[in-house]
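Trainee: Show me how the following folds:
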Amino acid sequence: MAPASPYIGLDVGTKRIGVAKSDRSGKIAMPHETVDVGRRHAAAEQIAALIEESECHTVVVGWPLTLEGAEGRAVRRVEKFIERLEAALEQTDASPEIVPWDERLTTTAAETFLIGADVSRRRRKKVVDQIAASHILQGYLDSLSDSQ
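Mentor: Numbers count the residues shown, from 1 in each chain. The predicted structure follows:
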């Protein structure tokens, strides 16, 4: 049985990183915050601090495969971010497992959800990455419950 601590999901974009957290039982993913990329080391340090503070044991990172399932330039960008996150985590007491998870179409699903909820374009821009991170994390959590 997994420890009773939250999972964290990340949607790593070029300008923003959407962050989602689960409840402590690991059943429900919820949008948490959006981190501006700016300098990527600062973003990695901010997320590492959140991981430590949350006592998170697993970080699920969206893996941006192409629609054909191939790894492209976007995967390389996420790999570099993971390296920065791991370096930032070494400065903390946290040592979570980092799991890459197929994120195909999660941003599209998030946009569709927000448009359906009649969220303004301006507001969507602020939360779409958090919603996408929530979709990524919920997909992972659902796969855990399906395998039990």
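Trainee: Show me what the mean pLDDT comes to for the longest helix anywhere in the chain.
Mentor: Determined from DSSP state H, the single longest helix within the chain is helix 121-146. The average pLDDT within helix 121-146 is 91.
Trainee: now swap in stretch 93-109 and tell me
Mentor: For stretch 93-109, mean pLDDT is 90.
Trainee: Does Gly62 touch Glu103 like I think?
Mentor: Yes. Applying CB atoms under 8 Å, one finds Gly62 in contact with Glu103, separated by 3.2 Å. Glycine gets a C-beta too; all of them are placed from N, C-alpha and C.
Trainee: shared neighbours, those two?
Mentor: The contact sets of Gly62 and Glu103 overlap at Asp11, Ala132, Ile136 (CB atoms under 8 Å, 6 or more residues apart in numbering).
Trainee: Is the last one in contact with Ile17, as I believe?
Mentor: It stands for Ile136. No. Ile136 is beyond contact range of Ile17, at 11.6 Å (criterion: CB under 8 Å).
Trainee: Now do the shared contacts for those two.
Mentor: Leu10, Asp11.
Trainee: The longest helix of the chain - contacts with which helices or strands?
Mentor: strand 7-12, strand 16-22, strand 29-36, strand 58-63, strand 97-102, helix 106-116 (3 or more CB pairs under 8 Å, 6 or more residues apart in numbering; DSSP states H and E).
Trainee: Determine which of the ones you listed approaches Arg124 most closely.
Mentor: helix 106-116 (4.6 Å; CB to CB).
Trainee: hmm, who's touching that closest one?
Mentor: 11, 62, 123-124, 127-129, 131-132, 134-136, 139.
Trainee: Go through the shared contacts of Gly62 and Glu103 and name the one nearest Pro96.
Mentor: Ile136 (15.4 Å).
Trainee: and the closest one, how many neighbours?
Mentor: 27 (other CB atoms under 10 Å).
Trainee: contacting residues for it?
Mentor: Per CB under 8 Å, 6+ apart, neighbours of Ile136: Gly9, Leu10, Asp11, Ala20, Val60, Val61, Gly62, Trp101, Glu103, Thr106.
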